[in-house]
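Engineer: got a sequence here, can you build the structure:
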Amino acid sequence: LDASGCPTLAALARLQRGLAAAINADGRWRERLTVPAASMLACYGAGGRYKWHRDNHWTDDGAAGNARALTAICYLNPDWVAERDGGALMIYREDGGVAREVAPRAGRVVVFDSFLGHEVMVSSRDRFALTFWVFGER
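Structural biologist: Numbering: from 1, shown residues only. This next block holds a predicted model:
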């Protein structure tokens, strides 16, 4: 995340590095974590959604499909009212049940295992999110 000249991006870059460092220090995660250079800034237009998916998956031979271990999303939506605006992130358990429903309020950061299924529900206004991944060393 190139944060040169932007204090907010610099804070988010520190968050990204700190997340990986804290989990590595704890020692209970399944692998050592690293921080990639790229992030994704997205705008989901009014009426838009992001269908159910996983950011990573296990292949038939038991290997990870890519390096993503954790997904972190920082929401950038001022004055968001979940009941009016929709756009919730739905994170699902392995059995398909809903684990969490997260409203995309400004400043909220959600972190979850990249192997979990999730989707973004329809919103009635533009919805902004900065997503970054923390990679597992495989």
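Engineer: which one is Cys43 nearest to, not counting chain neighbours?
Structural biologist: Phe128 (5.3 Å; CB to CB, 6 or more residues apart in numbering). C-beta here means a position set from N, CA and C on the backbone, and glycine is covered the same way.
Engineer: tell me the secondary structure at the one you found.
Structural biologist: strand (DSSP: H, G, I helix; E, B strand; the rest coil).
Engineer: my read: it touches Gly45, true?
Structural biologist: No - Phe128 lies out of contact with Gly45 (CB atoms under 8 Å); the separation is 10.5 Å.
Engineer: what about the closest residue to Trp58 other than its chain neighbours, neighbour count?
Structural biologist: Distances taken as CB to CB, 6+ apart place Ala64 nearest to Trp58, at 6.5 Å, with adjacent residues excluded. Counted with other CB atoms under 10 Å, residues neighbouring Ala64 total 18.
Engineer: what about Ala64, distance to Gly86?
Structural biologist: As judged by CB to CB, to the nearest Å, Ala64 and Gly86 stand 32 Å apart.
Engineer: quick one on the thing from earlier: which residues touch the residue nearest to Cys43?
Structural biologist: Phe128 makes contacts with Leu41, Ala42, Cys43, Tyr44, Tyr75, Leu76, Asn77, as judged by CB atoms under 8 Å, 6 or more residues apart in numbering.
Engineer: let's see 6 Å
Structural biologist: By CB atoms under 6 Å, 6 or more residues apart in numbering, Phe128 lies in contact with Cys43, Leu76, Asn77.
Engineer: I'd say the last one and Gly107 touch.
Structural biologist: No - assessed by CB atoms under 6 Å, Asn77 is found out of contact with Gly107, at 9.3 Å.
Engineer: looking at these two, which has the bigger crowd around it?
Structural biologist: Set Asn77 next to Gly107 and count neighbours by other CB under 10 Å: Asn77 wins out with 20 against 9.
Engineer: buried stuff in stretch 38-57?
Structural biologist: Ser39, Tyr44, Tyr50, Arg54, Asp55, Asn56 (16 or more other CB atoms under 10 Å).
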